[in-house]
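> Need coordinates for the below:
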Amino acid sequence: MAIDIEHLIDIFHQFKQNASILDLELLTTGHINKAFVVALADELFILQSINRQVFPEPLLVMNNLNEVMTSFLEDRVDTQQFNYQNLFHANLMEFLHGSIQ
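This next block holds a predicted model:
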């Protein structure tokens, strides 16, 4: 199946709006999920899709990730100043609804 580059860019822009993408490449070393390197002028990102044959309930995977990140960040971030959990959760929901085929 062909990869829809425009769809990947749309998904990436849900996380980093108006970013100028210099390069987007498929990583070929993975065994379970599809992953892409997104290069901006001064940053690199990994955009990864969840293999639904291996993880048939991606929302459970993302909820687990949310719990791990929440626990990690609670020890390091002043929660009175920054509501990271809602931001993280909102981005995850956007990602799941526009998931990579």
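> tell me the centre residue of the chain?
The centroid of the chain falls nearest to Leu47 when counting by C-alpha atoms, centre = their mean (5.3 Å).
> Can you tell me the closest non-neighbouring residue to it?
Phe36 (4.6 Å; C-beta to C-beta, 6 or more residues apart in numbering). For glycine as for every other residue, the C-beta is placed from the backbone atoms N, C-alpha and C.
> you'd agree that neighbour is up against Ile46?
Yes - counting by C-beta atoms under 8 Å, Ile46 is a contact partner of Phe36 at 7.2 Å.
> What ranges does this structure have for its helices?
5-15, 58-74, 84-97 (DSSP state H).
> Quickly, which of those helices bottoms out on average pLDDT?
Ranked by mean pLDDT, those bottom out at helix 84-97, with a mean of 52.
> and the end-to-end length of stretch 37-46?
Start-to-end span of stretch 37-46 (C-alpha to C-alpha, to the nearest Å) is 5 Å.
> let me fix that: stretch 48-61
For stretch 48-61, the first-to-last residue distance is 13 Å (C-alpha to C-alpha).
> Okay, buried residues for it please.
49-50, 58, 61 (16 or more other C-beta atoms under 10 Å).
> Out of the residues you listed, which is nearest to Phe12?
Using C-beta to C-beta, Ser49 comes nearest to Phe12 of the buried residues of stretch 48-61, at 12.0 Å.
> Can you verify my assumption that the closest one contacts Lys34?
Yes - taking contacts as C-beta under 8 Å, Ser49 lies within contact range of Lys34: 4.6 Å.
> still on that earlier bit, tell me who's in contact with the residue nearest to the centre of the chain.
8, 11-12, 24, 35-38, 100 (C-beta atoms under 8 Å, 6 or more residues apart in numbering).
> who touches both of Phe36 and Ile46?
Common contacts of Phe36 and Ile46 (C-beta under 8 Å, 6+ apart): Leu27.
> Distance of Ala2 relative to Gln14?
Per C-beta to C-beta, to the nearest Å, Ala2 is found 21 Å from Gln14.
> which of those two has more neighbours?
The neighbour comparison of Ala2 against Gln14 (other C-beta atoms under 10 Å) goes to Gln14, with 14 against 5.
> Can you tell me the number of residues neighbouring Leu8?
There are 20 residues near Leu8, going by other C-beta under 10 Å.
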